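Chemist: with the input below, show me the fold.
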Amino acid sequence: MTDLFSASGLSEGAPQPLADRLRPKSLSEVVGQDHLLGADGPLRRMLDAGRLSSIVFWGPPGVGKTTIARLLASETDLEFEAISAIFSGVKDLRAAFERAEARRSTGKGTLLFVDEIHRFNKAQQDGFLPFVEGGTVTLVGATTENPSFEINGALLSRCQVMVLKRLDETGLGQLIQRAETLEGRALPVAPAARAVLMEMADGDGRYLLNLVEQVYTFAGKGDVLSVEAMSTALQKRAPAYDKSGDGHYNLISALHKSVRGSDPDAAMYWFARMLEGGEDPRFIARRLVVMASEDIGLADPTAMMVAGEAARAFERLGDPEGLIPLAHCVVHLATAPKSNAAYMSLHKARAAARETGSLMPPKTILNAPTSMMKDQGYGDGYIYDHDTEEGVSGQNYFPKEMGRPVFYEPTGRGRERAVLERMNYVAEIRKRYRGDS
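Modeler: The predicted model follows:
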């Protein structure tokens, strides 16, 4: 096999990045993933039982997916073979499987680590099935995308999905301490700058260690960097956000639920997060219109108007001025009274429409533009509502075969309180004039 250092033009004595020098040598050294590797974690139970099944690791970058896979191979005496779905194709997969089959014939198993496994297409993912089922390889895939959407159901059913968490302040702090031990001196930053450094890493341990390495490089002997000096020297990481992937759907879900939960501060935060991540404001505007109708409805009829006008204002003004009316809309929707009654009535009515098929309206409410239709009873007995004392006739508008279902049930919140009173009033008129049948 070609020596990796030679192939890259480096010698084995070439300097290694701090993140590589601090790579855990055992699973006990992995930080931030105790829910998987602790005494009661699923990975620890697998290892204690001596049976490692195929796995898909799902989590953000820099939290240890590759490292854990490599250590699992070491602890189970499997040959570690790694490929990346970004750089590999069918030929590479075939070669990896052939090597695994050759090892198996000599009694040696293979842990095949596939980075960014979601990048393989359906046919390529299907190619894994016989080798996973037959035990030729123990597959460990890594993905930053939701496996439910990005990995074939057949392959996913043969793997256990394990979610890796972004590193919290404790885990990031442990990495800094290990770097200080390795370097033999404290990180040369002020206490406040240390906290800012962890914020800049945004839960990515590998990125944090890269920042730490830069701090050691920039700070001279005896220097202690302030927050300002450190921020000037380092580049803050862009927020993890994929406009076509999980980040896109997770953050719009967070915005929608914050609006529904009447929390304007949280709603504004997620709105800002999407903007900072590069989301198209027009997408957010469209979703705000949906929220206005789905979650507010007639509890505040002005919400729909505000959302529609905010979307139009952005189209006229563009970025950045057009973001102001969108922010106005976010606050309005979050603080408005909530009702999903109109939204739910649509689902109920469509279900009834599917069930009842082609039932005709009552002839009473059908127009009779011809004498033949009049003879057939079209329009016979129709009461013009405006001619009644209350302005409501109370007559039946449903097919006679249906009875009288209820689809719209106003909540009594916000403006819908008046709607509820009005509906109760009409219901009494309906009983008094003609009944419900």
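
Chemist: now do the contacts for the closest residue to K400 other than its chain neighbours.
Modeler: Closest residue to K400 apart from its sequence neighbours, by CB to CB, 6 or more residues apart in numbering: P362 at 6.0 Å. To be clear about C-beta, it is placed using only N, CA and C from the backbone, and glycine gets the same treatment. Contact analysis of P362 by CB atoms under 8 Å, 6 or more residues apart in numbering lists N396, Y397, F398, P399, K400.

Chemist: okay, now the last one: neighbour count?
Modeler: Around K400 sit 13 other residues, with neighbours defined as other CB atoms under 10 Å.

Chemist: try the second one
Modeler: Counted with other CB under 10 Å, residues neighbouring Y397 total 10.

Chemist: count the neighbours of the residue nearest to it when sequence neighbours are not counted for me.
Modeler: Sequence neighbours aside, I365 is the residue nearest to Y397 in space, at 5.9 Å (criterion: CB to CB, 6+ apart). Around I365 there are 15 other residues, counting by other CB under 10 Å.

Chemist: of the contacts of P362, closest to A123?
Modeler: Comparing the contacts of P362 against A123 with CB to CB places P399 closest, at 50.7 Å.

Chemist: tell me the pLDDT at the closest one?
Modeler: With respect to pLDDT, P399 scores 87.

Chemist: right, and it touches G357 too?
Modeler: No - contact between P399 and G357 fails when scored by CB atoms under 8 Å: they sit 10.1 Å apart.

Chemist: higher neighbour count, those two?
Modeler: P399 (13 against 6).

Chemist: chain neighbours aside, what residue packs nearest to the more buried one?
Modeler: Closest to P399 by CB to CB, 6+ apart is L359, at 3.7 Å.

Chemist: can I take it that that neighbour is in a strand?
Modeler: No - assigned with DSSP: H, G, I helix; E, B strand; the rest coil, L359 falls outside any strand and is coil.

Chemist: got the domain ranges for this protein?
Modeler: Recorded structural domains for the chain (assignment: automatic domain parsing) are 33-163, 169-233, 246-335, 361-433.

Chemist: of those, which is nearest A352?
Modeler: Of those, nearest to A352 by CB to CB is domain 361-433, at 5.9 Å.

Chemist: off-centre distance for the closest one?
Modeler: Counting by CA atoms, centre = their mean, to the nearest Å, domain 361-433 is centred 45 Å from the centre of its parent chain.

Chemist: just to revisit the earlier point, so the residue nearest to P399 touches A353, yeah?
Modeler: No - counting by CB under 8 Å, L359 stays clear of A353, with 9.5 Å between them.

Chemist: who's more crowded, the two?
Modeler: A count of neighbours by other CB under 10 Å puts L359 above the other of L359 and A353, at 13 against 10.

Chemist: list the contacts of the more buried one.
Modeler: By CB under 8 Å, 6+ apart, the residues touching L359 are P399, E401, M402.

Chemist: so for stretch 377-397, what gets flagged as buried?
Modeler: Y378, Y382, V392, S393, G394, Q395, N396 (16 or more other CB atoms under 10 Å).

Chemist: C-alpha coordinates for it, PDB please?
Modeler: Extracted C-alpha coordinates of stretch 377-397, given in PDB (Å, rounded to 0.1, in the frame of the first residue of the first chain):
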ATOM      1  CA  GLY A 377     -88.100  21.400  -8.100                       C
ATOM      2  CA  TYR A 378     -84.900  23.400  -8.500                       C
ATOM      3  CA  GLY A 379     -85.000  26.400  -6.200                       C
ATOM      4  CA  ASP A 380     -88.400  25.400  -4.800                       C
ATOM      5  CA  GLY A 381     -88.800  26.700  -1.300                       C
ATOM      6  CA  TYR A 382     -85.500  28.800  -1.200                       C
ATOM      7  CA  ILE A 383     -85.600  31.600   1.300                       C
ATOM      8  CA  TYR A 384     -83.600  34.700   0.500                       C
ATOM      9  CA  ASP A 385     -81.700  35.300   3.700                       C
ATOM     10  CA  HIS A 386     -81.800  39.100   3.500                       C
ATOM     11  CA  ASP A 387     -85.600  39.000   3.500                       C
ATOM     12  CA  THR A 388     -85.700  37.500   7.000                       C
ATOM     13  CA  GLU A 389     -85.700  39.500  10.200                       C
ATOM     14  CA  GLU A 390     -82.300  38.300  11.400                       C
ATOM     15  CA  GLY A 391     -80.700  38.100   7.900                       C
ATOM     16  CA  VAL A 392     -80.400  34.300   8.300                       C
ATOM     17  CA  SER A 393     -82.900  31.800   7.000                       C
ATOM     18  CA  GLY A 394     -81.600  28.800   8.800                       C
ATOM     19  CA  GLN A 395     -82.200  26.500   5.800                       C
ATOM     20  CA  ASN A 396     -80.100  23.400   5.100                       C
ATOM     21  CA  TYR A 397     -77.200  23.700   2.600                       C
END
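
Chemist: got the contact list for it?
Modeler: So stretch 377-397 is contacted by 361-368, 373-374, 404, 426, 429-434, 436-437 (CB under 8 Å, 6+ apart).

Chemist: do the same with stretch 102-113
Modeler: 52, 66, 69-70, 72-73, 76-83, 96, 99-100, 135-142.

Chemist: which element, helix or strand, includes the residue nearest in space to the middle of the chain?
Modeler: Most central in the chain under CA atoms, centre = their mean is N250, positioned 2.6 Å from the mean C-alpha point. If you go by DSSP states H and E, N250 is part of helix 246-260.

Chemist: pLDDT on that helix, on average?
Modeler: pLDDT averaged over helix 246-260 gives 84.

Chemist: report all helices and strands that it contacts.
Modeler: Helices and strands touching helix 246-260, by 3 or more CB pairs under 8 Å, 6 or more residues apart in numbering; DSSP states H and E, are helix 264-276, helix 281-291, helix 323-335.

Chemist: all good on my end, thank you.
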